[in-house]
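Participant: missing the sequence, but the structure's below:
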């Protein structure tokens, strides 16, 4: 029998041990869907507003995207990812000057360290269509759209590709280009490119043209909203052939979400 | 006079050829895309060193694995290496895979690539001051970095991993320290500070590795997408990466993933020192009480 005097400390010790032994959390779990936000987002996506074009005109009836025109699918993306992208579209990409905050406050922005000075560059995405549309949206509307598209189911139709493209695309997706210090795509974008958490969007199930145009935009600076320039530096090491191969590989994958 | 004229003309010729050489666009020096680069101030402050082709050894492609029993063993070794939590589960004690540190399936230079390590062994290790064979080295990996049980020298896992490493080193010279072997060289200008390291960790590393270094699990619950840096599911006190200097050398070249060499040497050491002061499993070479009260190994830098 345990003495009364040491029982409480012993229980506390075991509780602390149990807490220390808890394993890593899983951030792929998403917040439960808010039905009001979802229906409001659905209305906006299908009808649009005064100056806002309906999302379904380009992104498809169920957010499945448009493979020919290279419009991305939105169905099943992480809501936080959609929110961040719309906010980045809304920002003026040609804004002059860098906003400097002396105290680290919002780590979701891209931080860059120079010893005593931290410069946060708010992420920007340059797109002639989306900059105009996102500029009209309010914070609530962005949230509603993110919840709606995040909750939609999606099943990819694998697009056939030539053997050599798929082979080299798989090489890049699974092993990267180690001799150029380029990491493999799957190391961040999730196994089989299914996406991981709010920061790493899925590549599988996205149109070929969309992936190619986005890597090009990373390269010429029209898209600059990643964490620590990880994607920018990676994209700068990719050749035009790499882009085509890896995009064809990911379009060839079977993939489903929210099913 | 004649000599002077010759010198002057040769100088002029040299400068002309140098100017012509500078004017040419070397396809290997510029960024490898045809897309027109646009100047954008904040991102251009971060630079990545240009890796010249041929600098590092290139191991064979996976499609070149032969279709015989050797090939089957190579494939098994690759499975164990990339998915240790399934194929090497009986020897692994924590949640890591071999590829958690040996990036890109053991191919990445400066992330302890197998193609550079295999031709070196047997060799004297500084850690034990003894000559160790390749198999004994792998046993240390399992005991310390995977915090598990050393497989026997003739275990099928050992045969598979050895065959995989030998295949990755196909064509590499034996006994030569190849460029990209083990980790990058760094030089400190000040003593590492875990307090600065915590600031850098929270701002830059925590997005993937978690606020408390707990990593992020895969969606299927098997193994980690982003490996834990400390805690019970990470490598133990005797692992190579427990050493502040070694961890900093790894961080310098490989982290943040895809943007290696963006931290300064001192920043990398700071982050490594912050990793080191946190809890991780005990050193199995010594006793429970020594692990509690003796100074932790690996703190020197």
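Facilitator: That came in fine, so what should we check first? Quick caveat: nothing in here was measured; it's all calculated off a predicted structure.

Participant: In chain B, mark out all the strands, start to finish.
Facilitator: With DSSP state E applied, chain B shows strands at B:123-124, B:131-132, B:216-217, B:224-226, listed in chain order.

Participant: and if you look at chain A?
Facilitator: Residue ranges of the strands in chain A, as given by DSSP E, are A:110-114, A:117-121, A:124-125, A:154-155, A:223-224, A:256-257.

Participant: got any ranges where the chain has weak pLDDT?
Facilitator: No chain specified, so I'll use chain A. Counting by pLDDT under 70, chain A has low-confidence residues at A:1-29, A:92-122.

Participant: not quite, I wanted chain B
Facilitator: Residues of chain B that meet the cut-off, pLDDT under 70, sit at B:1-53, B:301.

Participant: redo that, cut-off 80
Facilitator: Residue ranges of chain B with pLDDT under 80: B:1-54, B:300-301.

Participant: show me the contacts for the residue nearest the centre of it.
Facilitator: Centroid check for chain B by CA atoms, centre = their mean gives residue B:111 as the closest residue, at 1.3 Å. For residue B:111, the contact set (CB atoms under 8 Å, 6 or more residues apart in numbering or on different chains) comprises B:101, B:102, B:103, B:104, B:183, B:250, B:253, B:254. C-beta coordinates here come from the backbone N, C-alpha and C atoms, glycine included.

Participant: Redo those as CSV? Include distance to residue B:192.
Facilitator: Listed next are those as CSV, based on distance: CB to CB, whole Å:
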residue, distance to residue B:192
B:101, 20
B:102, 24
B:103, 23
B:104, 28
B:183, 16
B:250, 14
B:253, 17
B:254, 18
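
Participant: okay, now residue B:214: neighbour count?
Facilitator: 23 (other CB atoms under 10 Å in any protein chain shown).

Participant: Revised request: answer the last question for residue B:194.
Facilitator: For residue B:194, the neighbour count with other CB under 10 Å is 18.

Participant: again with residue B:295
Facilitator: Around residue B:295 there are 7 residues (other CB under 10 Å).

Participant: Let me see the ranges of the helices in chain B.
Facilitator: B:2-23, B:41-44, B:69-82, B:84-87, B:103-106, B:114-117, B:134-140, B:156-168, B:194-200, B:206-209, B:244-254, B:265-277, B:288-293 (DSSP state H).

Participant: does chain A sit close to the last one?
Facilitator: No: contact between helix B:288-293 and chain A is absent, the nearest approach being 14.1 Å (criterion: CB under 8 Å from any CB of the partner chain).

Participant: so what's the nearest residue to residue A:150 once chain neighbours are set aside up against?
Facilitator: Here the nearest residue to residue A:150 in space, its sequence neighbours aside, is residue A:79; by CB to CB, 6 or more residues apart in numbering or on different chains that works out to 3.6 Å. Residues near residue A:79 by CB under 8 Å, 6+ apart: A:30, A:31, A:146, A:147, A:149, A:150, A:198.

Participant: any idea how far the residue nearest to the last one when sequence neighbours are not counted lies from residue B:237?
Facilitator: In space, not counting the residues next to it along the chain, residue A:198 is nearest to residue A:80; the distance is 3.4 Å by CB to CB, 6+ apart. Residue A:80 is 37 Å from residue B:237, where distance means CB to CB, to the nearest Å.

Participant: Tell me how many other residues crowd the residue lying closest to residue B:175 once chain neighbours are set aside.
Facilitator: Leaving aside its sequence neighbours, residue B:175 sits nearest to residue B:119 (CB to CB, 6+ apart; 6.2 Å). Close neighbours of residue B:119, defined as other CB under 10 Å, add up to 20.

Participant: I figured residue B:119 hits residue B:171, correct?
Facilitator: No: contact criterion CB atoms under 8 Å: residue B:119 and residue B:171 do not qualify, at 10.1 Å.

Participant: Could you pull out the buried residues of stretch B:59-77?
Facilitator: Neighbour-count burial for stretch B:59-77 flags B:59, B:62, B:65, B:73, B:74, B:75, B:76, B:77 (criterion: 16 or more other CB atoms under 10 Å in any protein chain shown).

Participant: likewise stretch A:138-145?
Facilitator: The neighbour-count check on stretch A:138-145 (16+ other CB under 10 Å) flags A:141, A:142, A:143, A:144, A:145 as buried.

Participant: Helices - which of those residues land there?
Facilitator: Among those, the members falling in helices (DSSP H) are A:141, A:142, A:143, A:144, A:145.

Participant: excluding its backbone neighbours, what's nearest the second one?
Facilitator: Meaning residue A:142. residue A:86 (4.7 Å).

Participant: so how far is residue B:200 from that neighbour?
Facilitator: 30 Å.

Participant: hmm, back to that, make JSON lines out of the contacts of residue A:79 and add distance to residue A:204 and neighbour count.
Facilitator: JSON lines is the format used below for those (distance: CB to CB, whole Å; neighbours: other CB atoms under 10 Å in any protein chain shown):
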{"residue": "A:30", "distance to residue A:204": "18", "neighbour count": "15"}
{"residue": "A:31", "distance to residue A:204": "23", "neighbour count": "9"}
{"residue": "A:146", "distance to residue A:204": "20", "neighbour count": "23"}
{"residue": "A:147", "distance to residue A:204": "22", "neighbour count": "24"}
{"residue": "A:149", "distance to residue A:204": "17", "neighbour count": "26"}
{"residue": "A:150", "distance to residue A:204": "17", "neighbour count": "26"}
{"residue": "A:198", "distance to residue A:204": "17", "neighbour count": "20"}
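
Participant: which one of these is nearest residue A:91?
Facilitator: The shortest gap between residue A:91 and any of those belongs to residue A:146, at 16.7 Å (CB to CB).

Participant: For the stretch 1-150 of chain A, which segments count as helices?
Facilitator: For the stretch 1-150 of chain A, the helices defined by DSSP state H, counting those that start in this stretch cover A:4-21, A:35-47, A:56-59, A:79-90, A:128-136, A:139-151.

Participant: in the second one, what's buried?
Facilitator: Applying a neighbour-count criterion of 16+ other CB under 10 Å, one finds A:37, A:38, A:40, A:41, A:42, A:44, A:45 buried in helix A:35-47.

Participant: and the fifth one, how far is that from residue A:152?
Facilitator: Residue A:42 sits 9 Å away from residue A:152, taking CB to CB as the criterion.

Participant: got it, and the second one?
Facilitator: In this structure, residue A:38 and residue A:152 are 9 Å apart, going by CB to CB.

Participant: next one: residue B:63
Facilitator: Residue B:63 is 37 Å from residue A:152, by CB to CB.

Participant: Let me know whether residue B:257 touches residue A:187 as I believe.
Facilitator: Yes: applying CB under 8 Å as the test, residue B:257 and residue A:187 come out as touching, 6.1 Å apart.

Participant: Now do the shared contacts for the two.
Facilitator: Listed as contacting both residue B:257 and residue A:187 by CB under 8 Å, 6+ apart are residue B:103.

Participant: Compare those two (neighbour count), which wins?
Facilitator: A side-by-side neighbour count of residue B:257 and residue A:187, using other CB under 10 Å, places residue A:187 first with 22 against 19.

Participant: For the more buried one, give me its contacts.
Facilitator: Contact partners of residue A:187, counting by CB under 8 Å, 6+ apart, are A:176, B:103, B:257.

Participant: nearest to residue A:159, of the residues you listed?
Facilitator: Looking across these and measuring by CB to CB, the closest to residue A:159 is residue A:176, at 22.6 Å.

Participant: Measure how buried the residue lying closest to residue A:156 once chain neighbours are set aside is and give me the count.
Facilitator: Closest residue in space to residue A:156, ignoring its immediate chain neighbours: residue A:205 at 3.6 Å, by CB to CB, 6+ apart. Residue neighbour count, defined by other CB under 10 Å, stands at 28 for residue A:205.
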